[in-house]
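Asks: Quick one: sequence plus predicted model below, questions after.
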Amino acid sequence: MADYTKDLEQLVDILLMEFNKQFNGSMINPHVKSYWAKLKTRLEADVVSALEQKPMEDSTKELLNSTLGEKFTDQRFLAHTAMFMNQYERTKK
């Protein structure tokens with residue numbers, strides 16, 4: 001099985017950073033918004049509310065890491081995440 005540790009860390013960091021921006025009143029990246037709309041339908045309510053309401057708490061990062069770590073075995077999730085990461089990186093250049 002492939003090791004997706006760095007990809008998972010990068011994804012969690014992006015989500016936390018973008019939701020912290022939104023929490024502080026800034027606009028969220030449109031690619032993050034689109035990705036999150038699809039992803040949150042596959043997550044438990046406590047994970048969704050933690051990221052949307054408390055993005056900078058350590059417990060939120062731990063919860064995201066463990067929850068998304070489980071999803072990194074799903075090929076469809078991996079493909080969708082890879083596409084999102086490419087789109088997001090292009091907007092940062």
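Replies: Great, that's in hand.
Asks: Please count neighbours and contacts with C-alpha atoms only from this point.
Replies: Noted.
Asks: Keeping just the C-alphas, turn the host helix or strand of Ser49 into CSV.
Replies: Secondary structure assignment for Ser49, by DSSP states H and E: helix 45-53. Taking Å, rounded to 0.1, in the frame of the first residue of the first chain, the C-alpha atoms of helix 45-53 are listed here in CSV:
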residue,chain,number,x,y,z
ALA,A,45,-21.2,15.8,11.6
ASP,A,46,-18.6,16.3,14.4
VAL,A,47,-15.8,16.5,11.8
VAL,A,48,-17.6,18.9,9.7
SER,A,49,-18.6,21.2,12.5
ALA,A,50,-15.1,21.1,14.0
LEU,A,51,-13.5,22.3,10.8
GLU,A,52,-16.2,24.9,10.1
GLN,A,53,-16.5,26.3,13.6
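Asks: What ranges in the protein fall below the confidence cut-off?
Replies: Low-confidence segments of the chain, defined by pLDDT under 70: 1-2, 93.
Asks: Taking the centroid of it, which residue is nearest it?
Replies: Leu15 (4.0 Å; Cα atoms, centre = their mean).
Asks: That one contacts Val32, doesn't it?
Replies: Yes - the pair Leu15 / Val32 is scored as a contact, 7.3 Å apart, by Cα atoms under 8 Å.
Asks: other SSEs contacting the helix holding Ser49?
Replies: helix 5-23, helix 58-71 (3 or more Cα pairs under 8 Å, 6 or more residues apart in numbering; DSSP states H and E).
Asks: Now those in a markdown table, please, with extra columns for distance to Asp46.
Replies: Below are the helices and strands packed on helix 45-53 laid out as a markdown table (distance: least, Cα to Cα, whole Å):
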| stretch | distance to Asp46 |
| --- | --- |
| helix 5-23 | 15 |
| helix 58-71 | 9 |
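Asks: Number of residues surrounding Asn24?
Replies: By other Cα atoms under 10 Å, 9 other residues sit near Asn24.
Asks: meant to ask about Glu57
Replies: 12.
Asks: which ones are touching Phe84?
Replies: Counting by Cα atoms under 8 Å, 6 or more residues apart in numbering, Phe84 makes contact with 31-32, 35.
Asks: This completes my enquiry, with thanks.
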